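In: I would like to see how this sequence folds:
(chains A, B and C)
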Amino acid sequence: MLTIKNLHASVEEGAEILKGLDLEVKAGEVHAIMGPNGSGKSTLASVLAGKDGYEVTEGSVKFADTDLLELDAEDRAKEGMFLAFQYPVEIPGVSNVNFLRTAMNEIREYRKEDKLSAKDFLAKVKEASALVELDNKLASRAVNVGFSGGEKKRNEIFQMAMLEPKLAILDETDSGLDIDALRIVSEGVNKLRSKDNAIILITHYQRLLEYIQPDFVHVLNDGKIIKTGDKNLALELEEKGYDWINEEIAQ
Amino acid sequence: MSNTYTEEDLAKNLEEQEYKYGFTSDFKSDKAPNGLNEDIIRFISAKKEEPEWLLEKRLQAYYAWKEMTEPEWAHVNYEKPDFQAISYYSAPQQTKKYESWEDVDPEMKETMKKLGISLEEQKRLTGTAVDFVVDSVSVGTSFKKKLAEMGIIFCSFSEAVENHPELVKKYMGTVVPHTDNFYAALNSAVFTDGSFCYIPKGVKCPMELSTYFRINEGGTGQFERTLVVADEGSYVSYLEGCTAPMRDENQLHAAVVELIALDDAEIKYSTVQNWYPGNKEGKGGVFNFVTKRGICEKNAKISWTQVETGSAVTWKYPSCILKGDNSIGEFYSVAVTNNFQQADTGTKMVHLGKNTSSTIISKGISAGQSQNAYRGLVQIHPGAENARNRSECDSLLLSDRSGAHTFPYIECKNNTAKIEHEATTSKIGEDQIFYCQQRGIDEEKAIGLIVNGYCKEVLNHMPMEFAVEAQKLLEISLENSVG
Amino acid sequence: MEVVADNKVLAFVSDFKRPEDGSKVRQQALDALNGMDFPTTRVEEWKYTRVAKYVKRKYKQVQTTANVDQFKIADLDAHQLVFVNGFYDEKASTILEDDTVSIHKIDELDEGYYTDLMEDTEENVFSLINKGYQTGGVFIQIKKNKKANHPIHILHVLEGEEVMANARHFIHAEMGSQAEIVTSFASNNASNGFTNVVLEGHVETNASIRINKLQTEAKDVLNISNEMFIQDESSNFLINTVTTGGQLTRNGLNVIVEGENCHTEMNGAYLGTEKQHIDNHTIIDQLYSNCTSSESYKGVMDDKSVGVFNGKVIVRQDAQKIEAYQSNKNILLSKGASVNSKPELEIYADDVRCSHGSTIGELDEEAIYYLRSRGISKKSAQQLLIAAFIGDILDKIQNEAVRAHVDQLFLEDFGWRF
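Out: Residues are numbered from 1 along each chain as shown, chains lettered A, B, ... in the order given. Take a look at the predicted model:
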């Protein structure tokens, strides 16, 4: 589904952050990408989603048979890529429902599907908001405006449930969540897991992985994946810290 | 008519969606020779079979106008119109007055259809009474009978002069005297028609009253007057929409709107102004120089809501004179400028009575190479004990070649007043645009969405079906504004 | 400014001695005055301030001496330059030993050099009268990469009847230099005087200038001050203006920011009583990217006094990433007092964050009630609240000696303690 080969990227007119990253994600898989601050985790998410301000200098990214890097940000979304933002953006005056309806209609038009009827749309809203125990009222409020940190993160997963992406990248979705909220968000994600879609979890801590079991754990350091393992790698990291890996590799 | 567009042109224009309403209609019209002098004014007055007192008023205004100069203080730059090169009377030729909607010229009905405001449809869907003014002449007022039963008068200005001269005589010019300013004086001298509305004591008008204005004829100016009188304890919601054909030349629109809210009355006045803004290079477009003002008596309330997307140059300050104690004035405005448009718009809240309060919410959006200025006055007079004002003026910039300017004037002569004014100017949020894009919404739509959200507070004050139209307009007028 | 046939300006200056020093700059100013008139309230910049009754007077330029001891700032340890009626009073002045600054008479300033440094500033009729008829001033250079050892205090005193003081000063802060300037304005045995002073300056790259300006003249004085500064890249400019004196005070403060990474700050506290009229008129003109400016003016108006604030921030095309903030807050203490506030933003670039706020109101009645319920008298309660209101502006005065002087002034004039 997603094939990243030798990806190099830098901030515009600035330092190189990704320095030859390789990653292969297949349908049905959950990958966790872990790493210390500044290792390039969020840059990877931004580059994949097509945010301005980054320059890809080398390498390729293939997503569902298309050259991802050639697509505009919105077309990547239309192709089925979803990014749950680390810091969800507030858009005053635009209701969540109106926002999602616009998005869904654009995506469906792109895929040459019929527009969703208002009735079906609302049924879906109900279903998706129940999934993350999001108060119905939040759906009619302006996008992320006045939401608590936990509500914003749940709203991201709510949107994920609505848009049904092929690939979801969850960027530090666990940060700032208390145990209850973490459980709700994780359960929501688990319910959305299927053999047809894939998930990339970007996280600093292991605790999210207790709730969402990854098939693979990758350690990102200095712009490269330096170690790949199963969920036990995460436990090991938690216990020994990132320095341990560096030392291990140095040997 | 030389400037008629073919269907093909029209189709192309619609495709480009630059100016949706830019077609001309081929009614036979009755046009005065260009220029302005006493004879022209007598011609207009005679043509309209006006009483002597009105001619007298016109002439007084004309003499006053001759002594005035065009105002220069606004933050706009344009070539001053040659007032002797304009035709001051252009009426669609009509052999008889329309008794009912069915009598209206089919061509005109077609025009309305193109405008998306077919009266029949309006009647059916919204129960809105519509007065339709083409080139300053009122051509059809629907729902008249139903309103008449309640004592509500809603008709063209000319009909009001003919049938209700005592009301017109009593109120016309009391809020905007002919000496008020250059354009108001000009209007008072040459106005050809407009709308008149009277709501009797204690009557709540059961439907939105609506006027659509359209400049059609080339080389003409539009000078209409609107007079709304809400008698004690009454209520009315009034809508006004404006369009004009696409023309290379600049067309002048100098209107006067007077609102009178007597004790305990409330007037809600909403405008969607979509005059032709000129083309992408800034050629053509309407000069919109409008004087709008209302006066509130005791416990009365006037609320102005406007969505301004059109015109090449806008000069407009819908105002409230809060004369009566406890009266309330409100101004909610969205002004969008794109390409080479220029707008200098805002409001005046003049607090005279005790416990008067006013609210100003203004959202300016500048794109392309346009200039968009908010200019507002809050004036607290010595007798206005406990007056309150809150103003919020926000400007959003969509392009690095556009300008956004904020010029508030706050004058306070009473120590018990409380005035709070806040303004911000910023760029549209790039992170917001990216967030939308990541959800599959393209940049242009994202901007439309964000701008509509930005203007929510204002749009919320519009009647529902008008707000929908306004939202669409915002999106259309911001197309190709990215960058 | 409007052009008129019968020239009131020429009539106004007709008795002034026409200086014959061959100065080109003077001559240009005198020529420019020919086509000028005094502003009326129809001129937008003077909408709220009427000068007509003053400019009908025939003021005199009189050189004299005055007792200035009472106007010195205790413990300031500054270069003290005294101007009586706009003439330099050498005896009353003290110039300390200091290799970080050089202080000269304004006439010693090279005109070509001056013109180069200040070519972009705009003059008005009053600053031009000053330029044409100035009777003295100082030219101060803060030397490259030096921090001035002492503050520089320029003290202006009016003495006599209907005198006019036309002093003109120029500050050149060389690259990387830093200095603190105090300008103060007082009157002594004077009646109906007119202070018409210009302070100009150029703040070069990485230089920093802080000015504290104190206006405490008698309440029959007309004070028109023009401060015109140009900032180069990465420079700082700050001015705090405290106004309690004057019948009519008009501060025209104009800063043109001609480089990136500059910071410009203007703060003002004005307190009006009787029939005082205090007008603060500011312009910050941002020509380059990545600059910040902050403006905060607070007024307390009592009796029949009038406060005016007109602040304008201009962000020119392509001057991106500008953050500009403007605030004007006013308290009206009495029925006859009034305020006109006009904060303006003129923005021609898009990537900016600019905002302004303006408030007018009375003292918080609830707060007064609360304080009274704790046993504080109404008068003390009001005083406490005003002190709290105006205090954060006075806190911008970092120099302790100047601050102590201002506190003393408020204590004497209003019985307020901070």
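
In: On the three-state scheme, the residue in the stretch 151-251 of chain A that chain C sits nearest to is what?
Out: Of all residues in the stretch 151-251 of chain A, the one sitting closest to chain C is A:Lys152 (23.1 Å; CB to the nearest CB). (Each C-beta comes from the backbone N, C-alpha and C, glycine too.) Using DSSP: H, G, I helix; E, B strand; the rest coil, the three-state assignment for A:Lys152 comes out as helix.

In: now it, nearest residue through space, not along the chain?
Out: In space, not counting the residues next to it along the chain, A:Lys152 is nearest to A:Pro88; the distance is 4.3 Å by CB to CB, 6 or more residues apart in numbering or on different chains.

In: A:Ala77 too?
Out: Leaving aside its chain neighbours, A:Ala77 sits nearest to B:Gly440 (3.8 Å; criterion: CB to CB, 6+ apart).

In: For that neighbour, identify the helix or strand it belongs to.
Out: B:Gly440 is part of no helix or strand, with elements assigned from DSSP states H and E.

In: Is there a neighbour count for it? I'd like the number.
Out: Neighbour count of B:Gly440, defined by other CB atoms under 10 Å in any protein chain shown: 30.

In: That one and A:Leu134: what is the separation?
Out: Here B:Gly440 is placed at a distance of 20 Å from A:Leu134 (CB to CB, to the nearest Å).

In: likewise B:Val313?
Out: Applying CB to CB to B:Val313 and A:Leu134 gives a distance of 48 Å.

In: Out of the two, name the residue with the larger neighbour count.
Out: Neighbours per residue (other CB under 10 Å) separate B:Val313 from A:Leu134, with B:Val313 holding more: 26 against 22.

In: can you map out the strands along the stretch 1-150 of chain A?
Out: With DSSP state E, counting those that start in this stretch, the ranges of strands along the stretch 1-150 of chain A come out as A:2-11, A:16-25, A:30-34, A:54-63, A:66-67, A:81-84, A:91-95, A:142-143.

In: Partner strands of the second one, with direction?
Out: Strand pairing for strand A:16-25, using DSSP bridges, gives strand A:2-11 (antiparallel).

In: I'd like the average pLDDT over the strand it pairs with.
Out: Averaged across strand A:2-11, pLDDT comes to 94.

In: Also stretch A:241-251?
Out: The pLDDT scores in stretch A:241-251 average 75.

In: now what about that stretch, what contacts it?
Out: Contacts with stretch A:241-251, where a contact means CB atoms under 8 Å, 6 or more residues apart in numbering or on different chains, come from A:35-36, A:219, A:221, A:226-227, A:236-237.

In: Poorly predicted segments of the stretch 1-150 of chain A, please.
Out: Within the stretch 1-150 of chain A, the set of residues satisfying pLDDT under 70 is empty.

In: Smallest gap between it and chain B, at which residue?
Out: For the stretch 1-150 of chain A, CB to the nearest CB, closest residue to chain B: A:Gly93, 2.9 Å.

In: which residues touch whichever residue of the stretch 101-250 of chain A sits closest to chain C?
Out: Chain C sits closest to A:Val145 of the stretch 101-250 of chain A, with a gap of 18.9 Å, by CB to the nearest CB. Taking CB under 8 Å, 6+ apart as the criterion, A:Val145 is in contact with A:90-92.

In: how about those in a markdown table, adding neighbour count?
Out: Conversion of the contacts of A:Val145 to a markdown table gives the following (neighbours: other CB atoms under 10 Å in any protein chain shown):
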| residue | neighbour count |
| --- | --- |
| A:Glu90 | 18 |
| A:Ile91 | 25 |
| A:Pro92 | 16 |
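
In: one step back: from the contacts of stretch A:241-251, which land in helices?
Out: A:236-237 (DSSP state H).

In: Could you pull out the helices in the chain for me?
Out: All of this refers to chain A. With DSSP H as the definition, chain A shows helices at residue ranges A:41-49, A:73-78, A:96-110, A:118-131, A:136-140, A:149-163, A:179-192, A:207-211, A:231-240, A:242-250.

In: looking at chain B here, not the other one
Out: The residue ranges that make up the helices of chain B, judged by DSSP H, are B:7-16, B:38-47, B:52-66, B:106-114, B:119-126, B:144-149, B:157-163, B:165-171, B:182-190, B:430-438, B:443-454, B:456-459, B:464-477.

In: what residues does chain C put near chain B?
Out: Taking CB under 8 Å from any CB of the partner chain, the part of chain C that reaches chain B is made up of C:44, C:48, C:317-318, C:320, C:330, C:332-335, C:337-362.

In: pLDDT of stretch B:78-85, averaged?
Out: The predicted confidence, averaged over stretch B:78-85, sits at 87.

In: got a list of contacts for it?
Out: Counting by CB under 8 Å, 6+ apart, stretch B:78-85 makes contact with B:34-36, B:70, B:186, B:219, B:221, B:250, B:252, B:287, B:312-313, B:342, all of which sit outside it.

In: wouldn't B:Phe331 be in contact with B:Met349 here?
Out: Yes. Counting by CB atoms under 8 Å, B:Met349 is a contact partner of B:Phe331 at 7.2 Å.

In: what residues are shared contacts of the two?
Out: In terms of CB under 8 Å, 6+ apart, B:Phe331 and B:Met349 are both contacted by the residues B:320, B:358, B:360, B:376.

In: Can you report how many residues neighbour the closest residue to the third one other than its chain neighbours?
Out: So that's B:Ile360. Counting by CB to CB, 6+ apart, B:Ile360 lies nearest to B:Ser391, which is 4.0 Å off, once chain neighbours are set aside. For B:Ser391, the number of neighbouring residues by other CB under 10 Å comes to 25.

In: What residue in the stretch 251-400 of chain C comes nearest to chain A?
Out: When distances are taken as CB to the nearest CB, the stretch 251-400 of chain C reaches nearest to chain A at C:Asp351, 13.3 Å away.

In: In which helix or strand does the residue nearest in space to the middle of chain C reside?
Out: Nearest to the centroid of the C-alpha atoms of chain C, with distances taken as CA atoms, centre = their mean, sits C:Asn251, at 4.8 Å. According to DSSP H and E, C:Asn251 maps onto strand C:248-257.

In: and if you look at C:Phe389?
Out: helix C:378-394.

In: Just the mean pLDDT for that helix, thanks.
Out: 90.

In: Return the distance of that helix from the chain's centre.
Out: Taking CA atoms, centre = their mean, to the nearest Å, one finds helix C:378-394 lying 24 Å from the centre of the chain it belongs to.

In: Buried residues in that helix, which are they?
Out: Buried positions in helix C:378-394, judged by neighbour count with 16 or more other CB atoms under 10 Å in any protein chain shown: C:381-387, C:389-390, C:393-394.

In: just stretch B:253-262 next, same as before
Out: Residues B:253-262 are the ones in stretch B:253-262 that count as buried (16+ other CB under 10 Å).

In: what's the burial count for B:Cys320?
Out: 31.

In: what bridges to it?
Out: According to DSSP bridges, the partner residues bridging B:Cys320 are B:Gly294, B:Met349.

In: Return the distance of it relative to B:Ala300.
Out: Distance of B:Cys320 to B:Ala300, computed by CB to CB: 10 Å.
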